[in-house]
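Participant: pasting a predicted model and its sequence here:
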Amino acid sequence: MLKLDQAKKFKDFQEIFFPYNMDFRGRAYPVPPHLSNVGSDLCRGMLTFSKSKPLGPRGLYWLKVHLANLAGADKMSFDDRAGFTEKNMKSVRAAVTNPFGEDRWWMGLDD
């Protein structure tokens, strides 16, 4: 609930910024405990970038690899992971369009 409350408070802002602390090793961590760009899937899913940028020449490839990782197909080569996503693209698109429709492919995945 705290994450959702924080998101509601910021929803009308055009841009928000997150303060960071740095530890002795040089690792940066966001200060806000409930809503940040490195938080849970819920946190990241509620945020959008204020300035969009294209994925770039290899961005779609790595997005496919990431989706395969989330689907549990993370023990194969990167090319095979991208192929896994491509092979299941019809189900991926169906899940985006209507997640609780007839094709509930995503509900049987590992992560």
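Facilitator: Received the coordinates, thanks.
Participant: and the closest residue to residue 2 other than its chain neighbours, what is it in contact with?
Facilitator: Distances taken as CB to CB, 6 or more residues apart in numbering put residue 34 closest to residue 2, at 4.4 Å, once the chain neighbours are dropped. Any C-beta I mention is one placed from the backbone N, CA and C, and that applies to glycine too. By CB atoms under 8 Å, 6 or more residues apart in numbering, the contact set of residue 34 is 2, 3, 5, 6, 43.
Participant: ok, the first one - how many residues close by?
Facilitator: I take that to be residue 2. A count of neighbours around residue 2, defined by other CB atoms under 10 Å, yields 9.
Participant: tell me the spacing between it and residue 38.
Facilitator: 16 Å (CB to CB, to the nearest Å).
Participant: again, but for the third one
Facilitator: When distances are taken as CB to CB, residue 5 and residue 38 turn out to be 19 Å apart.
Participant: quick one: pLDDT of the residue nearest to residue 2?
Facilitator: Looking at residue 34, its pLDDT reads 86.
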